[in-house]
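Asker: turn this into a model:
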Amino acid sequence: MARVNFGRTPTVRGYNPLANTLKPGHVIQLRGQFYMVNAVEGLTFELVVTANGNTAGTEISDGFDSGYFEDEDLEPYRNHLYCLIPSLAGQPKFISRDGTYDGVGFPNDETQVTLTSGTHTIGGASRSMVGLISPRVFLKHPAGIPRWHADEAPENDKTGYIDVTVSPHEDPNPNFAIWIESGESQLPQFRMVNTTGEVYYNPVIYLQGFKARLQPMSKVDIQKAREANGGKFVYKIIKPQGLPHAGSMGADYNPN
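Answerer: Presented below is the predicted three-dimensional model:
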């Protein structure tokens with residue numbers, strides 16, 4: 001069976017993606033260096049997941065765990081920066097005719113009816129859709145550093161994930177956006193786990209956002225920008241690796 005995207009989620013949050021988009025002329029601070037954004041364009045990317053990592057796939061079974069993998073095509077050029085929001089597509093969840101819901105999948109559209117002439121199969125059996133399901137996706141970025149997780153449970157599968165309720169494909173949640181710099185050491189690692197109890201037919205991690213071209217700013221450039229803005233220098237701080245992790249917390253400590 002080919003990959004199946006079952007369409008739009010019935011309700012969405014209505015996030016405004018433009019609220020987090022850099023624009024030409026913006027200034028950012030990245031690892032202590034200032035950059036001027038001189039070009040921006042949209043970017044979409046698909047990570048198709050199978051047991052062998054990111055390869056051509058069609059479906060994943062219940063209990064599937066991809067393990068962590070990365071895609072080298074996600075490495076931007078030098079002086080390019082990606083901002084991407086991971087999201088997942090929902091798959092319809094049904095209750096079967098006898099009222100069960102574990103592993104129902106897609107109930108048969110036929111019903112057996114016993115008549116005086118024997119048992120006959122007719123079409124049009126009813127089925128009840130009760131919601132949407134999807135696998136969970138976990139992230140390490142950079143390699144070895146868990147993201148989105150509770151501080152006291154960095155390697156626990158009950159935290160640090162997105163699914164279709166957290167970040168649906170048609171309405172990706174910007175709270176889970178990641179910034180990707182050039183260099184293989186900055187590539188994110190993804191892991192998909194299927195705990196739905198059913199086969200999932202669209203094992204894809206969708207990445208949506210933008211890429212920006214950055215122009216390094218010298219001290220002269222910064223001074224010119226300050227003078228052009230009435231003495232103010234406005235910039236946005238970009239943290240590609242998110243909050244400081246446990247191994248770097250000590251660097252933030254200042255007893256004074």
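Asker: the most centrally placed residue in the chain sits in which helix or strand?
Answerer: Nearest to the geometric centre of the chain sits residue 86, at 1.4 Å (Cα atoms, centre = their mean). Using DSSP states H and E, residue 86 sits within strand 80-87.
Asker: check which residues of that strand are buried.
Answerer: 81, 82, 83, 84, 85, 86, 87 (16 or more other Cβ atoms under 10 Å). Bear in mind the C-beta positions are built from the backbone N, C-alpha and C, glycine included.
Asker: partners of the second one in the sheet?
Answerer: Following DSSP bridges, residue 82 is listed with bridge partners residue 180, residue 211.
Asker: ok, it to residue 151 distance?
Answerer: Noted for residue 82: a distance of 26 Å to residue 151, by Cβ to Cβ, to the nearest Å.
Asker: next one: the fourth one
Answerer: To residue 151, residue 84 is 24 Å away according to Cβ to Cβ.
Asker: likewise the first one?
Answerer: As judged by Cβ to Cβ, residue 81 and residue 151 stand 27 Å apart.
Asker: the residue nearest to the centre of the chain and residue 204 touch, don't they?
Answerer: No: with contact defined as Cβ atoms under 8 Å, residue 86 does not count as touching residue 204 (10.5 Å).
Asker: name the residues that touch stretch 39-47?
Answerer: For stretch 39-47, the surrounding residues in contact (Cβ atoms under 8 Å, 6 or more residues apart in numbering) are 21-24, 54, 71, 73-74, 82, 84, 190, 204-213.
Asker: again, only using 6 Å
Answerer: Under the criterion Cβ atoms under 6 Å, 6 or more residues apart in numbering, residues 22, 54, 71, 204, 205, 207, 208, 209, 210, 211, 212, 213 lie in contact with stretch 39-47.
Asker: now, which of these sits nearest residue 177?
Answerer: residue 209 (6.5 Å; Cβ to Cβ).
Asker: where along this protein do the helices fall?
Answerer: Assigned by DSSP state H, the chain shows helices spanning 219-228.
Asker: list the contacts of the nearest residue to residue 81 once chain neighbours are set aside.
Answerer: In space, residue 81 comes closest to residue 212 once its chain neighbours are excluded; the distance is 5.0 Å by Cβ to Cβ, 6 or more residues apart in numbering. Contacts for residue 212 (Cβ under 6 Å, 6+ apart) come out as 22, 37, 40, 81.
Asker: what about the third one, how many neighbours?
Answerer: In other words, residue 40. 18 (other Cβ atoms under 10 Å).
Asker: which strand residues bridge it?
Answerer: Going by DSSP bridges, residue 40 forms beta bridges with residue 212.
Asker: against residue 161, how distant is it?
Answerer: 29 Å.
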